[in-house]
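Q: kindly return the folded structure for what I paste below:
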Amino acid sequence: QVQLVESGGGFVQAGGSLRLSCAASGGTFSMGWFRQAPGKEREFIAVISWRGTSTYYADSVKGRFTISRDNNKNTVYLQMNNLKPEDTAVYYCAAKSGISYSTNQDDYNYRGQGTQVTVSS
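A: A predicted model of the protein is given here:
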């Protein structure tokens, strides 16, 4: 069983930045970030391949968010810049086994508990 622990969430004003971290207990996975705002479905944000050579972003965050990973630390990061109030949500990381990565949360094998991000206007 792989455990994922997110951290780095918090409260920030619009235009500000936060960096989320997701520490994994082990394994080799592609890693994704998802978020869920109150009253909305969980949505895909970003994904990175196991070696970090491939990334993909949702249009809503492209150019503002950057996903990266440090496999020596088994940690994935989500750098979020120019945050907007509509970015307010609980952010989750997820791990997917296998070679390919996915934007579909149902393809992921493990998920963290989430970290709250609140952006004020």
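
Q: tell me the contacts of residue 103?
A: Going by CB atoms under 8 Å, 6 or more residues apart in numbering, residue 103 touches 32, 44, 47, 56, 58. Where C-beta positions appear, they are placed from N, C-alpha and C, glycine not excepted.

Q: go through these and say which is closest to residue 17.
A: Distances from residue 17 to the contacts of residue 103, taken as CB to CB, are shortest for residue 58 (18.0 Å).

Q: residue 70 versus that closest one, what's the distance?
A: Distance of residue 58 to residue 70, computed by CB to CB, to the nearest Å: 23 Å.

Q: more neighbours, the two?
A: Shown here are residue 58 and residue 70; by other CB atoms under 10 Å, residue 58 has more neighbours (16 against 11).

Q: tell me the contacts of the more buried one?
A: 43-46, 103.

Q: before we move on, back to that, please identify, among the contacts of residue 103, the one with the most neighbours.
A: Counting by other CB under 10 Å, top hit in these: residue 32 with 28 neighbours.

Q: was I right about it contacting residue 42?
A: No: applying CB atoms under 8 Å, one finds residue 32 not in contact with residue 42, separated by 11.0 Å.

Q: list residues touching both of these two?
A: residue 105.

Q: thought residue 35 was touching residue 43?
A: Yes: contact criterion CB under 8 Å: residue 35 and residue 43 qualify, at 6.0 Å.

Q: looking at the two, which is more packed in?
A: residue 35 (24 against 15).

Q: doesn't that one lie inside a strand?
A: Yes: applying DSSP: H, G, I helix; E, B strand; the rest coil, one finds residue 35 inside a strand.
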